[in-house]
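A.B. asks: Next one to model:
(one chain, ligands or ions: 1)
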Amino acid sequence: MRFSVDLKTYAYPDGTVALSDIRFQVARGEFCGILGSNGSGKTTLLKIMDGLIREYDGSVLLDGRDVRSLQPKDIYRTVGLVFQNPDDQLFAHTVFEDVAFGPRNMGFAEAEVKARVERALDAVDLAGVAAKQIHHLSYGQKKRACIAGLLAMGHEVLLMDEPTAGLDPMGEYRMMELLTRLNRQEGVTIVMATHSVDLVPLFLHRLHILSRGRIVRGGPPEEVFTAPAEMESVKLRLPHIAELIHRLKHEDGVPFRRTPLTIGEARRDIMELIETTRS
Ligand SMILES: Nc1ncnc2c1ncn2[C@@H]1O[C@H](COP(=O)(O)OP(=O)(O)OP(=O)(O)O)[C@@H](O)[C@H]1O
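C.D. replies: Numbering: from 1, shown residues only. Next comes the predicted model:
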C-alpha cells in the first residue's frame, strides 16, 4: 500500500479554499503525522485521502490508482477513517453490534464476525465491555471502539483525525501506545492528524506541517521542529521541553549541542553536559 498525494487545490462549495499545493507520500508501515493548527485543513485532507471528498484539482493515488476511480467499497476495504468525534462514527446499540457491523457488511459468516470482533476489542483493550451500550462508554472508550470497528474489517491503513483530542493526559498516552502497537505489531499504516506537539516526537516517524491549507515542511520530527519563531508562524509551538532547552541555549548561553524534543533526550543531554563540566 502506498498513498501518493498531489493535490493542486480544493475549495468547499461556499468558495473556501481549504487546501493547495499538497504533495507527499505515505509508504506501507509508516506512522506519520499531519501537524497543523485549528482550521489548517487536516480533516479536509483526511477526507480526500479516504475518498469522501472527490471534487478537487489534482490526484490522490492508492497503490497507483486514483481513489476517485475506485468504488467506495474498494477504498474502505483498505483504508479506514476514524473521525475526531466518536459520536459521529458509532451508531449501534452495543459495542459488539457496532464493531460487528463492518465485518457483517463484508459478508463474513457469523463465527468469523464474532472472532474478528473479539480480536479487535482485545487489541484496543475493550474486551470486557462488548455487551455494554454505546452511550454508557466513556469518551476514551468510545474512541477505542471506533478503532476496533475498523480493525475488525482488517484495514491496512488507518487515517486518524485527532485521536488524542478530548482525552486526559494518561488517555492521550495510552492512545498513542495503542496506535504504536497496531503499527509495529499488526503492520497497520497510520496517518494521524494532530496538533499535539508534545506527543508526536515520542511516537511518530515523520511529520508534515500543514499551515493555511499548505504543507510547509515535512520530515522526521528533529527536522520539522525548528526555531520557536518559525513554529509560531504556523500557529504551533515547540514541545515544552524543547522550548526550555532552546531558551537555555540561546538566551542563557548554556552550550547544548542540539535542541532535544523529548524529556528522555533532554535528560541525556543535560547529564552529558554535567559530566563534561565535571571533568
Ligand atoms: N463544509 C465546509 N464548508 C465550508 N468550509 C469548510 C467546511 N469544512 C471545513 N471548512 C473550512 O476549511 C478549512 C479547513 O478546515 P478543516 O476542518 O479541514 O481544518 P482542521 O485542520 O481539521 O481544523 P480543526 O483542527 O479545528 O479540526 C477551514 O477554513 C474551515 O472553515
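
A.B. asks: helices or strands up against the one helix or strand Gly102 maps to?
C.D. replies: Secondary-structure assignment from DSSP states H and E places Gly102 in helix 95-105. Contact here means 3 or more C-beta pairs under 8 Å, 6 or more residues apart in numbering; DSSP states H and E; on that basis helix 95-105 packs against helix 110-123, helix 139-151. C-beta coordinates here come from the backbone N, C-alpha and C atoms, glycine included.

A.B. asks: Could you single out the most deeply buried of those helices?
C.D. replies: Mean neighbours per residue, mean count of other C-beta atoms under 10 Å, is largest over these for helix 139-151, with a mean of 23.

A.B. asks: packing partners for that helix?
C.D. replies: Under the contact criterion of 3+ C-beta pairs under 8 Å, 6+ apart, helix 139-151 touches strand 79-82, helix 95-105, helix 110-123, strand 157-161, helix 169-185.

A.B. asks: okay, the angle between it and helix 110-123?
C.D. replies: With axes from the mean of the first three to the mean of the last three C-alpha atoms, to 10 degrees applied, the angle from helix 139-151 to helix 110-123 works out at 140 degrees.

A.B. asks: Kindly calculate the angle that helix 139-151 makes with strand 157-161.
C.D. replies: Using the same axes, to 10 degrees, the inter-axis angle of helix 139-151 relative to strand 157-161 is 150 degrees.

A.B. asks: And for helix 139-151, what's in contact with it?
C.D. replies: Helix 139-151 is contacted from outside by 80, 82-83, 86-87, 89-90, 95, 98-99, 101-102, 117, 119-121, 123-126, 129, 134, 137, 158, 160, 163, 166-168, 171, 174-175, 178, 182, 186, 188, using C-beta atoms under 8 Å, 6 or more residues apart in numbering.

A.B. asks: For ChimeraX, what selects the buried ones among the residues you listed?
C.D. replies: Here the buried members of the contacts of helix 139-151 are turned into a ChimeraX selection, burial being counted by 16 or more other C-beta atoms under 10 Å:
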select :80,82,83,86,89,90,95,98,99,101,102,117,119,120,121,123,124,126,129,134,137,158,160,163,167,171,174,175,178,182,188
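
A.B. asks: Domain-wise, how is the protein divided?
C.D. replies: Per automatic domain parsing, the structural domains of the chain span 2-238, 239-279.
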